[in-house]
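3D model of this:
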Amino acid sequence: MRDWGFRAILAGVLGLSLMASACGSSGGGSPSSGTQIASQMILGGPPECPTRPFCEKGLTDKYGLKFKDFKPLDAGGPLTKAALDRGDIQIGLLFSSDGSIAAKGYVVLNDDKHLQNADNVVPVGRSAALKPDAVSVLNQIDAKLTTSDLAAMNKSADIDKQDPSQIASDYLKKIGISGGGSPGAGKIVVAGFNFSESSILAQIYGQALRQKGFDVSYKLNLGNREVVEPALEKGDIDLYPGYAATELEFINKGKGEATPDPAATVKLLNGYLQPKGLIALDASAAQDENAFAVTKSTADKWHLVNLSDLAKNG
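Below is the predicted model of the structure:
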């Protein structure tokens with residue numbers, strides 16, 4: 001999820017100095033026959049990307065990619081997007097649910113060798129608060145939520161400046177989640193991290209639970225994971241939208257147990273949560289994870305669909 005700093009800690013502190021060549025350069029050059037496509041491209045991302053196993057180092061180790069250069073920018077933010085738009089870089093690290101991907105027409109290359117772990121959206125809560133009716137409706141949402149849904153809602157919030165509450169209400173109508181519960185089902189405090197996607201997801205959960213008769217209150221923009229997860233353990237909150245792999249690697253203190261398989265990752269996560277009286281429900285198909293994007297013109301130029309295409313000669 002969009003917690004690059006925590007991912008960086010998990011990857012290990014490998015030093016802040018970068019090779020002189022990592023300072024970036026202009027232009028991408030023209031393709032020449034017999035050379036790897038990646039070697040004709042500049043990669044842009046956060047400064048620590050060259051040493052991180054889910055960024056440039058992983059692209060080298062898993063896919064065998066050697067880029068022409070690396071340009072230190074930010075973690076999926078405005079600097080990376082502006083550099084892509086200007087052509088200062090040809091490929092950039094974004095996040096898979098970023099609303100600007102569709103808005104700007106970026107092409108996310110498929111992670112066909114499964115470099116990234118399963119950061120699928122998953123409800124995490126207190127077992128005592130999540131009664132069968134609550135589990136049922138949350139799992140119904142999980143069964144329908146996709147990455148494209150998430151990206152569209154993020155666009156509505158971050159680009160179109162719509163209110164997360166209204167975005168959530170519209171989405172529940174779209175997927176056919178409506179009332180039917182009886183008042184008095186119980187009280188649930190739904191929390192969210194300090195970014196808009198989390199507020200949208202928390203509103204989706206909370207509004208659906210309210211329709212089923214639960215007395216729902218919110219603690220949105222509560223903070224980062226170091227604030228939200230302990231609040232759950234203490235019982236100050238009852239539920240929040242989590243991200244499977246990141247949740248696991250936070251609670252296991254970075255043991256590297258997460259995998260690209262969401263079900264397997266959630267199973268491991270529950271092994272740590274259940275002794276604490278907590279539970280992770282079914283993982284949705286929606287993912288907020290590292291994604292490597294190019295402009296449509298770059299994708300068309302080299303016929304790019306998958307990350308492995310970058311290893312071909314161009």
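
Quick check: residue 155 vs residue 104, distance?
Computed with Cβ to Cβ, to the nearest Å, the distance linking residue 155 and residue 104 is 10 Å. C-betas here are computed from N, CA, C, even on glycine.

Likewise for residue 284?
Residue 284 is 25 Å from residue 104, where distance means Cβ to Cβ.

neighbour count winner among those two?
More neighbours surround residue 284 than the other of residue 284 and residue 104, with 25 against 16 (other Cβ atoms under 10 Å).

Look at that one and report its pLDDT.
Looking at residue 284, its pLDDT is 98.

wait, what's in contact with it?
120-122, 141-146 (Cβ atoms under 8 Å, 6 or more residues apart in numbering).

same thing but 6 Å
Residues in contact with residue 284 (Cβ atoms under 6 Å, 6 or more residues apart in numbering) are 120-121, 142, 145.

Just read off the phi/psi values of it.
Main-chain dihedrals, residue 284, degrees, to the nearest 10: phi -80, psi 170.

Please tell me how far it sits from residue 148.
12 Å.

Likewise for residue 256?
For residue 256, the distance to residue 148 - Cβ to Cβ - is 29 Å.

wait, residue 126 sits on residue 239?
No - in this structure residue 126 lies outside contact range of residue 239 using Cβ atoms under 6 Å: 7.4 Å.

which of those two has more neighbours?
residue 239 (26 against 20).

hmm, back to that, make JSON lines out of the contacts of residue 284 and add neighbour count and pLDDT.
Formatted as JSON lines, these follow (neighbours: other Cβ atoms under 10 Å; pLDDT from 0 to 100):
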{"residue": "120", "neighbour count": "26", "pLDDT": "97"}
{"residue": "121", "neighbour count": "28", "pLDDT": "98"}
{"residue": "142", "neighbour count": "18", "pLDDT": "96"}
{"residue": "145", "neighbour count": "22", "pLDDT": "98"}
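
can those residues go into TSV with extra columns for secondary structure and distance to residue 176?
As requested, the contacts of residue 284 are exported to TSV (DSSP: H, G, I helix; E, B strand; the rest coil; distance: Cβ to Cβ, whole Å):
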residue	secondary structure	distance to residue 176
120	strand	21
121	strand	19
142	helix	14
145	coil	13
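
and which of those residues is nearest residue 230?
residue 121 (20.8 Å; Cβ to Cβ).

could you point out where the stretch 151-300 of the chain is predicted with low confidence?
The stretch 151-300 of the chain contains residues with pLDDT under 70 at 181.
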